[in-house]
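Student: Sharing a model that was predicted from the sequence below.
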Amino acid sequence: MAEKILEIQEVDYSYRADRTAHEHLALQHISFAIHPGEIVAFLGPSGCGKSTLMRIACGLLNPYRGQVLWRDKVVSGPLMEVGVVFQQFALYPWLTISQNIEQVLIPRGLNPAQRKQRVSEVITLIGLDGFEEAYPRELSGGMKQRVSIARALAIHPELLLLDEPFSQVDALTAETLRTEVVNLWRDRERYPQSIIFVSHDIHEVVSMASRIMVMGDKPGHIQKVIDNPLAYPRDPRSTSFQMMVEKLHDIITGLYLPEEQAPTIATIVSSWSGAFSMVPLPLVEVRDVIGILEAVSARGGNVPLFRLNDEIDTTFTSILLATKGAELLGFLTTPEDHLIMTDIGKEFMLASKKMQKQIFKNRFVQLNLFKRLKDMLERSPEGRFPRQIFLEELAIHCPLEDPKKLFRILINWGKYAELWSYQAAISSVVLVGREPVPVLDLEEEANP
Ligand code: ADP
């Protein structure tokens with residue numbers, strides 16, 4: 001049997017918000033083991049209990065039922081062998097960077113000389129040289145998160161636990177930090193042996209994890225376990241990487257579909273027009289969907305995906321997203337990795353610009369997400385809706401997507417179909433034909 005570092009056995013956890021409230025079951029029947037040399041990701045919608053599970057895994061919370069074992073011994077308090085990095089930077093503002101790192105070594109019984117040596121070692125390892133005497137307020141978000149990582153590594157952890165560690169830093173810094181963490185782990189001579197981390201970002205999960213636990217909610221549970229066999233170092237531009245992203249996306253999509261069928265795009269479209277479903281819209285602009293249709297049309301309406309990838313000057317991800325968009329609208333089908341134009345797709349390509357918008361609109365209002373938003377707008381007395389409410393709807397219905405990006409795409413698709421527009425002045429989405437009368441400012445009125 002494979003060696004286990006950490007084991008979670010049949011764990012339940014519930015919160016009681018206050019004395020009068022009912023217990024809220026946050027986690028139920030959670031069991032898994034972490035082995036040496038693994039990076040395990042926990043992926044799931046917001047509120048499904050990922051953070052609670054991480055706190056249980058490192059001994060900060062005691063399970064309500066079940067138990068946590070560290071190397072076969074029952075855990076009863078914070079685990080000294082686990083280095084922890086949470087989403088918030090949580091550094092003491094009144095201590096320097098060196099002192100912040102040193103804090104975690106005191107309870108571990110290291111003497112001042114040993115502590116100094118450890119601090120200087122991780123400062124170099126994590127690229128913080130020159131910042132030893134700086135205070136947290138002097139550092140950017142990315143640098144603060146480096147300090148949190150350095151602090152977690154200073155204890156020479158066997159297991160590193162990261163709870164959405166890169167969600168508060170910019171995309172480029174996040175990418176660099178991810179690579180650095182994976183490189184540290186690959187150098188097994190050192191530490192950590194294994195990593196567990198929480199994410200809601202499919203790309204991040206594919207780039208880091210060797211095993212992926214997909215979580216569901218109400219109450220939080222592990223819904224599916226997926227192995228990610230891609231070799232390290234991983235190249236996000238490689239075809240195998242893109243395929244893994246696609247696979248994971250499809251698995252997640254499939255988990256949320258009401259039917260038990262394989263989640264082909266056709267079933268997604270039909271389920272959208274039926275009951276509520278969480279299938280997100282691919283983050284792709286209409287012009288890119290039209291671009292892919294033009295490329296397929298120029299190749300006789302039928303082309304292998306990989307030939308198209310070789311022939312057109314864009315990334316594989318952009319091709320996949322545009323294909324997904326065209327498929328959702330029913331303009332393309334993709335049997336056996338071929339892109340084939342449907343009859344409606346051909347009709348679209350031959351139509352005038354005006355007719356194209358009409359065909360697009362007819363297809364697009366059949367998708368449940370749009371139908372829902374269109375209904376919301378039509379039911380509102382002024383034919384408009386605040387952006388914030390849209391964003392909240394999107395966060396609830398498409399929890400694995402970035403609501404702001406999805407919002408932009410949704411607005412642009414609706415704009416193209418001449419269904420709605422976004423009025424920045426009132427931060428609202430407005431139905432076409434119901435735009436507010438522009439308010440003249442007084443000076444203009446006085447001097448027409
Ligand atoms: P995630 O990390 O997946 O977003 P959390 O573990 O933070 O989820 O929360 C899981 C559930 O438990 C949520 O419904 C949340 O509202 C609830 N919860 C989390 N912390 C507390 C708390 N301290 N008291 C009451 N409920 C909580």
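Tutor: Great, that's in hand.
Student: can we go C-alpha only for contacts and neighbour counts from here?
Tutor: Will do.
Student: Can you check what pLDDT the model gives Phe241?
Tutor: Listed pLDDT for Phe241 reads 89.
Student: Repeat that for the one 4 residues further on.
Tutor: On pLDDT, Val245 comes in at 88.
Student: what about it, distance to the ligand?
Tutor: Between Val245 and the ligand the computed distance is 21 Å (C-alpha to the nearest ligand atom, to the nearest Å).
Student: Name the residues of the stretch 1-150 of the chain found near the ligand, please.
Tutor: Taking C-alpha under 6 Å from any ligand atom as the contact definition, the stretch 1-150 of the chain meets the ligand at 15-17, 26, 46-52.
Student: Now, of the residues you listed, which are buried?
Tutor: Buried residues within those, counting neighbours by 16 or more other C-alpha atoms under 10 Å: 26, 46, 48-52.
Student: out of these, which are inside strands?
Tutor: Those of these mapping onto strands are Ala26, per DSSP state E.
Student: Which of the buried ones among the residues of the stretch 1-150 of the chain next to the ligand fall within helices?
Tutor: Among those, DSSP state H puts 50-52 in helices.
Student: before we move on, which element is Gln28 in?
Tutor: According to DSSP states H and E, Gln28 maps onto strand 23-34.
Student: Report the buried residues of that strand.
Tutor: 25-34.
Student: Now pLDDT and distance to Leu332 too, for those residues, in JSON lines please.
Tutor: Formatted as JSON lines, the buried residues of strand 23-34 follow (pLDDT from 0 to 100; distance: C-alpha to C-alpha, whole Å):
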{"residue": "Leu25", "pLDDT": "90", "distance to Leu332": "44"}
{"residue": "Ala26", "pLDDT": "93", "distance to Leu332": "42"}
{"residue": "Leu27", "pLDDT": "96", "distance to Leu332": "41"}
{"residue": "Gln28", "pLDDT": "95", "distance to Leu332": "42"}
{"residue": "His29", "pLDDT": "96", "distance to Leu332": "42"}
{"residue": "Ile30", "pLDDT": "97", "distance to Leu332": "41"}
{"residue": "Ser31", "pLDDT": "97", "distance to Leu332": "42"}
{"residue": "Phe32", "pLDDT": "97", "distance to Leu332": "41"}
{"residue": "Ala33", "pLDDT": "97", "distance to Leu332": "43"}
{"residue": "Ile34", "pLDDT": "97", "distance to Leu332": "43"}
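Student: Domain-wise, how is this protein divided?
Tutor: Taking automatic domain parsing as the domain assignment, the ranges for the chain are 6-254, 260-362, 367-448.
Student: Show me how far the longest one is from its chain's centre.
Tutor: Just to be clear, that refers to domain 6-254. The chain centroid and the centroid of domain 6-254 are separated by 15 Å, computed with C-alpha atoms, centre = their mean, to the nearest Å.
Student: now swap in the last one and tell me
Tutor: Taking the mean C-alpha point of domain 367-448 and that of its whole chain, the gap between them comes to 25 Å (C-alpha atoms, centre = their mean).
Student: follow-up on the earlier one: which residue in the buried ones among the residues of the stretch 1-150 of the chain next to the ligand has the weakest pLDDT?
Tutor: pLDDT is lowest at Ser46 among these; the value there is 79.
Student: okay, now the closest residue to the ligand within the stretch 151-300 of the chain: neighbour count?
Tutor: Ranked by C-alpha to the nearest ligand atom, the top residue of the stretch 151-300 of the chain for proximity to the ligand is Gly220, at 7.2 Å. Neighbours of Gly220 under the rule other C-alpha atoms under 10 Å: 24.
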